[in-house]
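Colleague: With the input below, show me the fold.
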Amino acid sequence: MIHYHRLGHVPPKHHVTHYVDGKLMMEQCMTRVGFDSTYSILYFKVPPTDEFSVRAMELPGFCPIQPLDRQLLHRRHIKTQDLKVEGDFLTARRTLLMNADVRVGVCKPNRPAQHWFSNGEGDECWFAYSGGGTVESVYGLLPFRQHDYVIVPKGTPYRLHPDGNVGTFLVFESDTYIDVPRQFRNESGQIAMHAPYCHRDFRIPTEMLRYDAARHGAGPFPLVVKHANQLSVHEFKHFPWELVGWDGLVYPVAFNIHDYQPRTATIHLPPTTHITFAGRGFIICSFVPRKVDYYEKDGVKAIPCPYGHASVDCDEILYYVAGNFTSRKGIESESISLHPMGVPHGPHPGTYEKSVGHDRTAELAVMCDTFKPLLLTSVASSIEDKDYHYTWVKRENEAMETSK
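Modeller: From the prediction side, this is the model:
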């Protein structure tokens, strides 16, 4: 996904014998878009197909999941800070918004990771709102820290271990891929010099996963797989995720939002300027502290506050993390706002002019734009501020963020 990487021991050529301690290793190709795109080749001690049981599983609020039957068109505020859940990185997940291309949810684990999970529907992107930890996957160990994005490729068996077994995460699930936007790569696939980050900003697994009886138990070893809006549990008698080596371009990566290099200009740039990752039908953007619009000539000044806009082809959600982003009383850290296509939105009255003369913003937020309408789930509806759509009129004199 970022660049070619090799870890452990691999043979000199693809698809040739690879013996370790006199035993032939099982080669597995993890391919994308059939065999036409990126891939990694993994060498297993025991074939990953050696499972003895398959059973069904359901996790209410995550899978299976359906949107609300009816959803009126208006701006929404989902108060994820009010969501109370119990479980590990899998059982504490809740899907809030969804369409055919992407599902957006939160995860608030408060227990040690028990489950191994593989998303067979698409890539995942975890944003660590609080705390760090480690992703333990078939590709090895990947430490992450607060405010990291962690991208886990489709079909990757993994567990996420937050420090202290407690954390808060925003989670995107794609229907296909989540990757560096094509415009940020040159013809050789290298991240271009005009991109808002470089290869050095991305962290990758550097330590192989090794079986540890104290940490992994004695078996059997279940793997929860998500596919077609269903969960199935595949059980193995042996520990199935220990490799002798792998190489390729498909593996988990971590990137910290504070390493994002924001673009600035003399006048206000559209929010999509802050694009960080892209999927089919959606993009993920990063709003970080930065200098804002500084045009000034003959008494005419830039307006740093975002202009009102009606993006009639996109839904827009914003996950508020930290800084000066309060749009009114009730919008706070961990809030998600949804501004749907077909309904104009922008600054509250009075804040547009108030922003003139500001030269910096301290906001930290994650945005997602989609080309298909996002539908709420029942979990999102249960924590929604139902009055949000009308606050442009009812609370027009309250302070609003001036730099999005």
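Colleague: all helices in the stretch 301-404 of the chain, in order from the N-terminus.
Modeller: 351-354, 378-382, 391-394 (DSSP state H, counting those that start in this stretch).
Colleague: ranking these by burial, who's on top?
Modeller: helix 378-382 (a mean of 19; mean count of other Cβ atoms under 10 Å). Bear in mind the C-beta positions are built from the backbone N, C-alpha and C, glycine included.
Colleague: any weak-confidence spans in this structure?
Modeller: 325-330, 348-350, 352, 357, 394-404 (pLDDT under 70).
Colleague: Burial check on Val46, number of neighbours?
Modeller: 16 (other Cβ atoms under 10 Å).
Colleague: out of the helices of the stretch 301-404 of the chain, which comes closest to Val253?
Modeller: helix 378-382 (28.5 Å; Cβ to Cβ).
Colleague: what's the distance between stretch 42-50 and the middle of its chain?
Modeller: Relative to the centre of its chain, stretch 42-50 is centred 28 Å away, using Cα atoms, centre = their mean, to the nearest Å.
Colleague: can you offset everything so residue one is 361?
Modeller: Noted, 361 is the first residue going forward, which turns the last one into stretch 402-410.
Colleague: measure that stretch end to end?
Modeller: For stretch 402-410, the first-to-last residue distance is 15 Å (Cα to Cα, to the nearest Å).
Colleague: Check which residues of that stretch are buried.
Modeller: The neighbour-count check on stretch 402-410 (16 or more other Cβ atoms under 10 Å) flags 402-406, 408 as buried.
Colleague: Same check on stretch 520-539?
Modeller: Buried, per 16+ other Cβ under 10 Å, within stretch 520-539: 520-523, 527-539.
Colleague: coming back round to it: now distance to Tyr620 too, for the helices of the stretch 661-764 of the chain, in a markdown table please.
Modeller: Below are these laid out as a markdown table (distance: least, Cβ to Cβ, whole Å):
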| stretch | distance to Tyr620 |
| --- | --- |
| helix 711-714 | 25 |
| helix 738-742 | 27 |
| helix 751-754 | 30 |
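Colleague: and Pro612, which of those is closest to it?
Modeller: With Cβ to Cβ as the yardstick, what comes closest out of the helices of the stretch 661-764 of the chain is helix 738-742 (26.4 Å).
Colleague: And the closest one, what does it pack against?
Modeller: For helix 738-742, the packing partners by 3 or more Cβ pairs under 8 Å, 6 or more residues apart in numbering; DSSP states H and E come out as strand 453-458.
Colleague: Show me how far the strand it packs on is from its chain's centre.
Modeller: The answer for strand 453-458 is 12 Å, by Cα atoms, centre = their mean.
Colleague: neighbouring strands for that strand, and are they parallel or not?
Modeller: According to DSSP bridges, strand 453-458 forms sheet pairs with strand 462-467 (antiparallel), strand 735-736 (antiparallel).
Colleague: which residues touch that strand?
Modeller: 419, 421-423, 425, 427, 438, 440, 443, 445, 463-467, 531, 533, 677, 696, 698, 734-737, 739-740 (Cβ atoms under 8 Å, 6 or more residues apart in numbering).
Colleague: picking up where we left off before, list just the one of the helices of the stretch 661-764 of the chain that sits closest to Arg471.
Modeller: It's helix 738-742; of those, that one is closest to Arg471 (Cβ to Cβ) at 19.1 Å.
Colleague: Can you pull the domain assignment for the chain?
Modeller: 409-429+444-602+610-616, 620-754 (automatic domain parsing).
Colleague: buried ones in the helix or strand where His594 lies?
Modeller: Taking DSSP states H and E as the criterion, His594 maps to strand 590-596. Residues of strand 590-596 classed as buried: 591, 593-594, 596 (neighbour count, 16+ other Cβ under 10 Å).
Colleague: Write down the beta-bridge partners of the spatially most central residue of the chain, one by one.
Modeller: Nearest to the mean C-alpha position of the chain, by Cα atoms, centre = their mean, lies Cys485 at 2.4 Å. Beta bridges link Cys485 to Ile511, Phe532, judged by DSSP bridges.
Colleague: likewise the one 5 residues further on?
Modeller: Beta bridges link Ser490 to Thr528 when assigned by DSSP bridges.
Colleague: wait, it sits on Gly527?
Modeller: Yes: the criterion here is Cβ atoms under 8 Å, and Ser490 meets it with Gly527 at 5.8 Å.
Colleague: And for Asp442, nearest residue in space, chain neighbours not counted?
Modeller: Ile743 (4.8 Å; Cβ to Cβ, 6 or more residues apart in numbering).
Colleague: Could you check which helix or strand contains the residue nearest to Arg542 when sequence neighbours are not counted?
Modeller: Nearest non-adjacent residue to Arg542, counting by Cβ to Cβ, 6+ apart: Ala638, 7.5 Å away. For Ala638, the host element (DSSP H and E) is strand 635-639.
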